[in-house]
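**Q** From the sequence below, what's the structure:
(2 chains)
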2 protein chains.
Amino acid sequence: VPVESGAGDRAARTAAPARRRPIRIGLLGLGQVGSAVASLVQSRSAAASFEIAAALVRDPRSRPRPAGVPITLHPADVFAAGPDVVVEVLGDLEPARTLLLAAIERGIAVVTANKSLLARHGDELIDAAADAGVPLHYEASVVAGVPFLGPLARRPLLASAFTALTGIVNGTTNYILSAMAATGAGYERALSEARRHGFAEPDPAKDVAGVDALEKLIVLLRHLGCASVDPAAIELQGITAITTDDLRAARDLGGTIKPVIAARWSGGAHDAVEAFCAPAFVPAGHQLACLDGVANGVLLRDRADAGFFFAGPGAGPHVTAITLLDDVIEAATGTVAAPARAASVRVEAPATPWLVRISGAPVSPSVRLTEIFGGAGVQATRVSRGGGSFSLLTSACTRSRIQSLLAKVGATSDSRATALRALGDRGTKL
Amino acid sequence: VPVESGAGDRAARTAAPARRRPIRIGLLGLGQVGSAVASLVQSRSAAASFEIAAALVRDPRSRPRPAGVPITLHPADVFAAGPDVVVEVLGDLEPARTLLLAAIERGIAVVTANKSLLARHGDELIDAAADAGVPLHYEASVVAGVPFLGPLARRPLLASAFTALTGIVNGTTNYILSAMAATGAGYERALSEARRHGFAEPDPAKDVAGVDALEKLIVLLRHLGCASVDPAAIELQGITAITTDDLRAARDLGGTIKPVIAARWSGGAHDAVEAFCAPAFVPAGHQLACLDGVANGVLLRDRADAGFFFAGPGAGPHVTAITLLDDVIEAATGTVAAPARAASVRVEAPATPWLVRISGAPVSPSVRLTEIFGGAGVQATRVSRGGGSFSLLTSACTRSRIQSLLAKVGATSDSRATALRALGDRGTKL
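**A** Numbers count the residues shown, from 1 in each chain, chains lettered A, B, ... in the order given. Presented below is the predicted three-dimensional model:
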């Protein structure tokens, strides 16, 4: 067993020294990411460690195909080609799920970037792989490009220390909110700009509704040993209702609005997890506030509240292809520990601070607010006026509490009140 | 080979399923970190996967010792105890170097946190380990707590993509500068405060002079396949001369001063590396500006200028002990690729922006400055006045260029001029 070092040295280190023949890849899907994998395989003649044994395409007429890649329309041909590792980049649940289970059943190692599949059928796949003794890697499914899922799986002392996470795990929505904050553009214009730069898909529904980020949160919670959680149990809010007024209020209060995932669990009995997936106020100076544009990052916290931050590009065909091929190397050469099925848990919406914004209000809404909020034990920790609206950050409370307070405010005036979750300054729990 | 998942599940995943007996550790050193390792081993009865076979102490009278740890004054006893892995936490060069070489010669896997040893004798240790086919892990040597060195060694496609890094890798100096920035305290008072909180050693010379950070930069450059660099070849500046005026000027210019390491290399022929280790201006919004107190982090950049950020607590006996024991697991169970000796390279001081501060100046120094700087092709990109001094950020130039300009400014007035390196806004090269 040789040493760990010289990570950047390319020639010698793609696989165990004994391996001479290339790692044969069965590629399921030849869309944007699949094509990037194929061309990366072909460009790395120096490393010379991969070859595409067969690539499954679903529509024989679609898109130009990388030269020299054996194409098939039939999954059986991929298995018949004798791949060492199957790489799944089809997306969606089916036929991805069926094909990965078939690969595992045949004893073939599996690499996937499919967070939807992992969020919805992760337990089934992980159990099948464990039963068959087959490696299953999915580093590209969350913050593609930045290795931390696999490393944490290998490092149980560190991984078991975490009891909370916050993160930005969707590049499209981070780009849109960053553009709105930087230029004052409205949501629709920022979305158009994201499309123009290739940062939003033709149908961005899963991104802007928060579903993509929610699926990644599910993958993280399971991977960190917290729980296997039903996506439907977690508070979910998209970014489509965020306005430039919201972003201005956030700036006036010393922060910005980011598309946030957040969760906190006990780390003990693992019997409850508080979580949300929603646009939230993030104070300037918070690690997540430094992630602009399409950048993604996950901040993990341990029991002593120390933060461990992993951030990077998050997406893009090239960086995803690099992550998938590095996973292929790990699958073909590495040994990792056996998993145990995560327990089912109670999911709760957490108490957090809130960014409350009141517009069309009477001249001095602060008196009424102070009265209504103070009567419920909720304090304003920061206040700002401007642009015809009145904004404040509150002390921590639940969503139902803030909603009932906002209803009271609305009932006593003709003002319109909205509330967004807020992360605390560094040192607070989420 | 089983699957990677459920990183947080503790019971089942410390080692390959076949392993039943605990991993036997030969502990070299029983100081603060060594004691933390011993107590972590003893506390983890659930995982039950380690035992201390023997622990070397150097002074039999020193400090209370963890109960149940077999102590010896003789290195030979450690080897005779038949450890699976030797963990070195002695610090300093000798006898650490000799003992690790002896372990490697005996075919025993080695884990160390000793960045001084790796910076000065890393090639020798890595070559010896490679020749003997023995694992050598050193995750705790840089940003202890955050796994990224080992993961990059396993992921050659990603690791070979990097061509630049910036980082904060010393907690003591980050704490001191953070405290000076936050409270307006002077260097000596901030150092006292760091001592009081246990964030500075009784003799903090290696930290405040930048030597500790420099050694970590050397470890990073070798590990990323850039080069084996002589520490003496790199521009080095400590933080002892930084004043509250410097920090005020930095704040007025939209940033702060951080203890920075930075390097950029070609990623091609690997024939030159630009690098420095010095307190530097960091603009607000830069990832490093969000690292306050004792936090550490390393920002790696690839050819496309995408940033990959790994940040965390950086130090502390408990988190270092966790990192060392996770390395022990990797050394006892993992397989990593063979290294190749990094080439020797030319080391250059880079051109960067500079924070120039002029005090005791004539009433309008800007005219003279514009003349002198403009004549040399150096522009002021931001200017600030206040507190009896005049500060500016410049366009990028070399240290020798800025020094000759400052000499000219001094020669034509009775002002005093100082210059600190500056990182650019996001998107610039360092």
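
**Q** only C-alpha atoms for contact and neighbour calcs from this point on.
**A** Will do.

**Q** in chain A, which spans are helices?
**A** For chain A, helices defined by DSSP state H occupy the ranges A:32-43, A:75-80, A:96-105, A:115-132, A:149-154, A:156-159, A:171-183, A:187-196, A:205-208, A:211-223, A:244-252, A:317-333, A:365-375, A:399-411.

**Q** Dump the last one to CSV, restricted to CA.
**A** Okay, so that is helix A:399-411. Provided in CSV are the C-alpha atoms of helix A:399-411 (Å, rounded to 0.1, in the frame of the first residue of the first chain):
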residue,chain,number,x,y,z
ARG,A,399,-43.0,29.8,11.1
SER,A,400,-46.4,29.4,12.6
ARG,A,401,-45.6,32.0,15.3
ILE,A,402,-44.4,34.5,12.7
GLN,A,403,-47.4,33.9,10.5
SER,A,404,-49.9,34.5,13.3
LEU,A,405,-48.1,37.7,14.2
LEU,A,406,-48.2,38.9,10.6
ALA,A,407,-51.9,38.1,10.4
LYS,A,408,-52.4,40.3,13.5
VAL,A,409,-50.4,43.1,11.9
GLY,A,410,-52.5,42.9,8.7
ALA,A,411,-55.7,42.8,10.7
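
**Q** Now do that helix and helix A:365-375, the angle between them.
**A** Between the axes of helix A:399-411 and helix A:365-375, defined by axes from the mean of the first three to the mean of the last three C-alpha atoms, to 10 degrees, the angle is 140 degrees.

**Q** for helix A:399-411, packing partners?
**A** helix A:365-375, strand A:416-422 (3 or more C-alpha pairs under 8 Å, 6 or more residues apart in numbering or on different chains; DSSP states H and E).

**Q** circling back: confidence-wise, which of the helices of chain A is weakest overall?
**A** Lowest mean pLDDT within those: helix A:365-375, at a mean of 75.

**Q** residues making contact with that one?
**A** Residues outside helix A:365-375 that contact it (C-alpha atoms under 8 Å, 6 or more residues apart in numbering or on different chains): A:379-380, A:390, A:405, A:408-409.

**Q** Could you rerun that using 7 Å?
**A** Contacts to helix A:365-375, defined as C-alpha atoms under 7 Å, 6 or more residues apart in numbering or on different chains, come from residues A:379, A:405, A:409.

**Q** How about stretch A:311-329?
**A** Residues from elsewhere that reach stretch A:311-329 (C-alpha under 7 Å, 6+ apart): A:14-15, A:32-33, A:36-37, A:85, A:111, A:137, A:139-140, A:143-146, A:171, A:294-298, B:155-158, B:306-310.

**Q** In PyMOL, how would I select the buried members of those?
**A** The command below creates a PyMOL selection of those among the contacts of stretch A:311-329 that count as buried (16 or more other C-alpha atoms under 10 Å in any protein chain shown):
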select buried, (chain A and resi 14+15+33+36+37+85+111+137+139+140+143+144+145+146+171+294+295+296+297+298) or (chain B and resi 155+156+157+158+306+307+308+309+310)
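
**Q** Out of the contacts of stretch A:311-329, name the ones that lie in strands.
**A** Taking DSSP state E, the ones among the contacts of stretch A:311-329 that sit in strands are A:85, A:111, A:137, A:296-298, B:307-310.

**Q** looking at the sheet around residue A:307, what are its partners?
**A** When bridges are called by DSSP bridges, residue A:307 pairs up with residue A:301.

**Q** Please list all residues in contact with the most centrally placed residue in chain A.
**A** Closest to where the C-alpha atoms of chain A average out (C-alpha atoms, centre = their mean) is residue A:169, at 3.3 Å. Counting by C-alpha under 7 Å, 6+ apart, residue A:169 makes contact with A:142-143, A:213, A:296-297.

**Q** and those, which two are the farthest apart?
**A** Checked with C-alpha to C-alpha, the contacts of residue A:169 reach their widest spread between A:213 and A:297, with 11.7 Å between them.

**Q** residues touching residue A:179, list them.
**A** Going by C-alpha under 7 Å, 6+ apart, residue A:179 touches A:185, A:190.

**Q** run the last query once more with 6 Å
**A** Counting by C-alpha atoms under 6 Å, 6 or more residues apart in numbering or on different chains, residue A:179 touches residue A:190.

**Q** cool, and residue A:392?
**A** Each residue near residue A:392 by C-alpha under 6 Å, 6+ apart is listed here: A:355-356, A:382-383.

**Q** Model confidence for it, exactly?
**A** Confidence score, pLDDT, at residue A:392: 85.

**Q** quick one: the nearest residue to it once chain neighbours are set aside from residue B:353, how far?
**A** Excluding the flanking residues, the one nearest residue A:392 by C-alpha to C-alpha, 6 or more residues apart in numbering or on different chains is residue A:383, at 4.3 Å. Computed as C-alpha to C-alpha, to the nearest Å, the residue A:383 to residue B:353 distance reads 37 Å.

**Q** which one of these two has more residues nearby?
**A** Each of residue A:383 and residue B:353 has its neighbours counted (other C-alpha atoms under 10 Å in any protein chain shown); residue B:353 has more, 28 against 17.

**Q** so what's the nearest residue to the more buried one once chain neighbours are set aside up against?
**A** What sits nearest to residue B:353 in space, not counting adjacent residues and going by C-alpha to C-alpha, 6+ apart, is residue B:396, at 4.0 Å. Residue B:396 makes contact with B:351-353, according to C-alpha under 6 Å, 6+ apart.

**Q** what about residue B:396, distance to chain A?
**A** Residue B:396 sits at a distance of 23 Å from chain A (criterion: C-alpha to the nearest C-alpha, to the nearest Å).

**Q** Let me see the backbone angles for that residue.
**A** Main-chain torsions, residue B:396, degrees, to the nearest 10: phi -70, psi 130.

**Q** got the residues of the stretch 101-250 of chain A near chain B?
**A** By C-alpha under 6 Å from any C-alpha of the partner chain, the residues of the stretch 101-250 of chain A that approach chain B are A:130, A:133-136, A:151-153, A:155, A:157, A:159-160, A:223-225.

**Q** Go again with 8 Å.
**A** A:126, A:129-130, A:132-137, A:145-162, A:222-226 (C-alpha under 8 Å from any C-alpha of the partner chain).
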